[in-house]
Every structure is written in structure tokens, then in C-alpha cells.
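K.L.:
for reference, the sequence and a predicted model appear below.
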Amino acid sequence: MRRLVLLGLLGLGATACNMDPVPIDPEPQEQPPCPELVVQDLSRTGERTPQALGTASPALSTPLPTTASSDGGERVLVRFRKQSGVHSAALSRSREDKVRKLGAQLKYHWPALDTLALTVTPEEKARLAKDPEVLSISEDRKVHALGLTPGSLVPALLAAPAISGSTTEYTWGVRATQANLVWDANNDGVLDTGAPTGEGITVCVIDSGIDPQHPELKPAYAGGKDFVDGDDIPEDKDATGAWGGGHGTHVAGTIAAQLGLAGQVNPNDSSLSPYGVVGVAPGVKLLAARVLDENGDGRTSDVIAALNWCVTQKANIASLSLGSPSRDDAEEAAFQAAYDAGMLTFAASGNSGDIATPESRIYPAAYPSVVAVGATDADNKHPKFSQGGPHLSLVAPGVNVYSSFPRGRSPYADLRAGSSFFVSAALDFVPYEEFEGQLVDCGLGDSMHSCSTSSCTDGFVAYVDRGTIKFGDKVRNVRAQGARAVIIGNNDPEDDKALGFTLGSAATWPPVTAIPTTSVGDIKAQLGKPVKVGIHGSDYAYSSGTSMATPHASAVAALVWSANRKLTNAQVREILETTAMDLQDGDFPDSGPGYDIVFGHGLVQAKAAVDKARSSAYPQP
């Protein structure tokens, strides 16, 4: 089962558990590798050819075709001064003509915001800066996913929404937010008749795209747009059809995963429900706007365009698990315009762990019109990565959140010796393959002579102890000696619960799995015997970050709004903030009774919020 690794504020750096100390043998002697052996490929097939570019839909803007940056071109947002008494269409044409004559390349034009997204040379930028009509020129800055670490377009409501399943689908996040108390009050695994489920509410997920064919998401998916590739299929894939990191699919599942409609679950993990998961608001309609590429990176201009598209699609709520450490006037104006149009927007507060430093704020979460969401863990404590501050509104579950993942792309290990099964975890970047061979002791795997035997003819399964050098170097060393699969024995009990190890980068790796400290002795007892290492793909993964907290909060808002459709976006926000559970953490002195900069107003609570929305304090349907 894949467990996405928390990578910090902008997806950079690595956790200590991802690698062993600096290699003591950084340049092992060269030795011709053994010839490749045939292994069983367990990966899924059927990738499609990327679809041709589509046209942009009208929004609060007039989108223009995306064009490639010229050599030396800079991507910028140009804001013009507002003009009164001029027909808007004529003014729009005048501004577009002006930048075209200048030689700049247009990507988007938002007349309502008096803003254009352009690619310009330094000379063109300098000339624009001298134009008295130009109010400001800012970088079309990069934005990043705030989590740690293309098939056919699915028509709206392709599958029928499910109403029954199992209470084992209720994740700790669903229970912590009280969502199940709203739509399954008697806890029988069936959605209560007439209960608020998010029905009638549309949530727009602005992220890395989704897997719209995922069984958990099919009934909710109502359409999307890809602002990275410029088509109407918002899948998390690159130009070659290779899947990205699954960030958007994970976020979407937290919101809208269906009760009783499971994908492929790791059958070897008894802690997981065979029925998959259910989202906080399984009755919502889900829109997907892809603005992040397969690496989790995007541009401000695409975020603005996606936000405007969500407004034109009449979305009630937008959920953004992304951000940048710098503010932008045009972006702030766009979020304010969306709020003025009646939409309520939620965004991740960030993963740097900074609480009180104003400079640490992440945008769009820190804009006044946006609900900033931080994270809590299963003990209602503050995880060290979650950013806070005076702009923080709410907190929600954000640690070890289990949710949907692109189908077959979350690797899990199947380690067996004869009739015995051993709990283990697949390392990142391993292939979906299976190999059975003699188990050979390769020590620390710290040289090309570490294995006790070499059997290039048939290959073998290498056992290596953790320690001394990086995992990737261990695997390269033992593979050069004939290993066709690798088992790594953990040496730190603190890592046993989450063996979130990685090989560092994509490459032609063999199947590699890690075992907890408690299994090392039992595996070593199999030395010299046949052992099978298989890597399979599931449709779910664990992940942590304020990225995971944000969809919990936005989905609770959907439950509140579906309980009372007469509420305004301001009233929904007020209800969420006034019914949140007050939290305190002794390890963080800035937390205390009432509002604080660590937890904001507190942990979002669906049952309390829905009850208040139905009270006489607000207009009723």
C-alpha cells in the first residue's frame, strides 16, 4: 500500500527515513551485471493516446489559446487600470491588440479582473511597464501541491450513486469530522433517507487532475478541464500518458468517495476495509480542474483560469490543496471575485510548520476571501508540519489519511515463503512484477561482493540489512551480483508502523520490499529456501499534509449547504467556524481556549454545523 511521504512546504527535501547514512563505499568497483531474467509483469495496460487540445470554455474571462514560451520569455500577469465609460468589449479588444502589437504572447485575458496572462521578453516587459494604463506587472508565479510527498472522458454520473456499504469504510477522518453522524446516524452502513450527503452541491477540485474512472469517483464526477494540457480530460498524466503523483485523486476521494463502491484494495493488510473508503460528502457533484503537472507544480495564471471556470460551472465550493509563499494582486482579486459570485473557497495552509511568522503564509489560503485549513492528527494534536497564523480558519484531519489513488498505481508487496505470508511494504518506484528464487544473505549490500553466493543463471532474492548506504545503492550492488528481487530488513522500530522507504527516483528497478524489525529473524530463517516477492497495484494510498485536511473541511461545508440551501457562502463559513471543536496542545503554547493561531477556530464538526444550519438562527428552506 502506498504511503505518500511528507516532503515539506513545497514538496522539497526528504524525510530521514527515506535514506540511510552517507555511503561508505560511494564508488563500488565496476562488475558486469548479470543478464536480465524474465519476470511476470503485473502492471495494468491500456493507456490511451493523449487527446488533441480542446477549446477553452468562457469564464469570468475570455480565455485565449495557450502558446509556448519564446526563448528567453517570461510568464507574467499584467493588471490594467480600471476605466469607466468605455464599452467592455471594445476595451478588451483594445488591450489584446496592444499586447499583440507589442509582440507578447497571450495566454488568458480576464476582462472582469482587468488582467492578462502573457509571455514577454525583457524588452516587451519594459515597454509595458512604461504604459500609463498598466497598473502592475507580476510574475506568473509557480504554485505547488501541499501534500507530502489518459482514459476516456467519463460522462457525468456514469455510475449510479451508492447508498449502502460498510461502516469499515469510515476512515478516522470521516469520524473525526462527524460526517458519518450526519448521513448514517444509526451506524448501519446505509445512507439515511433524507440526510444531508452533499446532494445538490457541486465541489470543484483545483489540483493535479483525477482518475475519473476510479470506482469511488465515477458516480460523483460531473466534468472537468485540464488547464495544463488544454483539453477537457483532467487526468493526472503527462504528455506521454504516464500517471503523475495521484495528489488530486486522493483529495477528490476524501470529498466524494462512494459508499460500497470499492476499487482494488491491498488484500494483505487486515487493517483496511475490503470495501474501500467513503468520502465526507458522498452525494456531491465533483468537478475537476487540473492546474498542477505530474510533478505537482503549476502556474498562477492556470489557477485563476480554473477558479473562473469553476464559477461558470456554478460550483458552490472550490477546494485547493496547493499554494505559493508569495501573494499576488491579480490572484487575490480573482478569489475575491469568486467569493462575490457566491462561491466558498478552501485552501491548504501549508506544510512548513511555521505558526506565527507572517512571511510564512501560503497563498491563496491567506487571502481574506479564502478559508485557510490546517491539519490535525488522529489524537487531535497539532502535527509539526501544519502551518498556522492569524489567518488560519479551521483544522481538519491531515495525517495518515487513507483515500483513493489512480487505479493500480499504489504499490503493495506480497512476500511469501512456501505457505507463510510476511507483512512488508513496497518501496517507491518499484515495478509491478513478481519473482521467486532462493533467498541469499547479502549483508548490508554495501559492495558488489556482499552476497554470500552469486547465481546469475537463475537469479536469486537478496536479503539486505538496513544501514550504511542508500537503499538505491544497495539494490544496484546486489542486482549486479545476480539478485532479481530484494528484501530490506528494517533496523529502527520507530519506522515499523510506516515503512515509507524510497529508492529515490524512477529507474529500472527489480521488485523491492521492506520488512519490519519484528520479521527480520523469521525472514533470515528462510535463507537458502525459495521466497517469492511480488509487487501489485492497489487503488488507494495513505498521505499526509494540509493538502489532506483541506478536502475534509470543504466536504463538511458541502454537507452544511445541502442541509440548508438558503445559506450564503458567508453564513456557511460562519457556521463552520462557530461550531468547530476547540483544541489545545500542550506542546504548542500558542494554542489555548477559543481562537488561536495553531488550530484557528478548531476542528471542523459536521454534525454540530448541520444542526446549526437547520436552526432558527438561519432562514430555512
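P.N.:
Noted; the coordinates are in hand. From a predicted model like this one, the values you see are computed outputs, not experimental measurements.
K.L.:
per-residue pLDDT of the most centrally placed residue in the chain, please?
P.N.:
The C-alpha lying nearest the average C-alpha coordinate of the chain belongs to residue 247 (Cα atoms, centre = their mean; 2.2 Å). The per-residue pLDDT reported for residue 247 equals 94.
K.L.:
next one: phi and psi at it?
P.N.:
phi -60, psi -50 (degrees, to the nearest 10).
K.L.:
over to the one 4 residues further on?
P.N.:
With angles defined as degrees, to the nearest 10, residue 251 sits at phi -60, psi -50.
K.L.:
from residue 412, how far out is the residue nearest to the centre of the chain?
P.N.:
Distance of residue 247 to residue 412, computed by Cβ to Cβ, to the nearest Å: 19 Å. Quick note: C-beta positions are derived from backbone N, CA and C, even for glycine.
K.L.:
before we move on, what about residue 282?
P.N.:
Distance of residue 282 to residue 412, computed by Cβ to Cβ: 25 Å.
K.L.:
which one's more surrounded, those two?
P.N.:
Remark: of residue 282 and residue 412, residue 282 carries more neighbours, 32 against 25, as counted by other Cβ atoms under 10 Å.
K.L.:
got the contact list for the more buried one?
P.N.:
Counting by Cβ atoms under 8 Å, 6 or more residues apart in numbering, residue 282 touches 161-162, 183, 191, 197-198, 220, 256-259.
K.L.:
likewise residue 409?
P.N.:
2, 243, 246, 537, 539.
K.L.:
tell me the least confident of those residues?
P.N.:
Out of these, that is residue 2, at 51.
K.L.:
low pLDDT regions in the stretch 401-550 of the chain?
P.N.:
Scanning the stretch 401-550 of the chain for pLDDT under 70 picks out the ranges 454-457.
K.L.:
helices of that one, start to end?
P.N.:
471-480, 520-524, 546-563 (DSSP state H, counting those that start in this stretch).
K.L.:
likewise the stretch 151-300 of the chain?
P.N.:
Going by DSSP H, counting those that start in this stretch, the stretch 151-300 of the chain shows helices at 172-176, 179-183, 247-256, 300-312.
K.L.:
alpha carbons of the second one, as PDB, please.
P.N.:
Yep, that's helix 179-183 we're talking about. Taking Å, rounded to 0.1, in the frame of the first residue of the first chain, the C-alpha atoms of helix 179-183 are listed here in PDB:
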ATOM      1  CA  ALA A 179     -19.600  13.300   8.800                       C
ATOM      2  CA  ASN A 180     -21.000   9.800   9.400                       C
ATOM      3  CA  LEU A 181     -23.200  11.100  12.200                       C
ATOM      4  CA  VAL A 182     -24.900  13.300   9.600                       C
ATOM      5  CA  TRP A 183     -25.700  10.700   6.900                       C
END
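K.L.:
mind giving me the packing neighbours of it?
P.N.:
Packing partners of helix 179-183 (3 or more Cβ pairs under 8 Å, 6 or more residues apart in numbering; DSSP states H and E): helix 546-563, helix 606-613.
K.L.:
any idea of the pLDDT on residue 150?
P.N.:
The model's pLDDT for residue 150 equals 29.
K.L.:
looks like the residue nearest to the centre of the chain contacts residue 297 (just checking).
P.N.:
No: assessed by Cβ atoms under 8 Å, residue 247 is found out of contact with residue 297, at 11.0 Å.
K.L.:
ok, of the contacts of residue 282, which one's closest to residue 293?
P.N.:
Lowest distance from residue 293 to the contacts of residue 282 (Cβ to Cβ) belongs to residue 256, with 23.1 Å.
K.L.:
in space, what's closest to that closest one - neighbours in sequence excluded?
P.N.:
residue 220 (3.9 Å; Cβ to Cβ, 6 or more residues apart in numbering).
K.L.:
and residue 75, what is it in contact with?
P.N.:
69, 107, 117-119, 139-140, 299, 301 are the contacts of residue 75 under Cβ under 8 Å, 6+ apart.
K.L.:
returning to that earlier point: nearest to residue 225, of the helices of the stretch 401-550 of the chain?
P.N.:
Closest to residue 225 of the helices of the stretch 401-550 of the chain, according to Cβ to Cβ: helix 546-563, at 18.7 Å.
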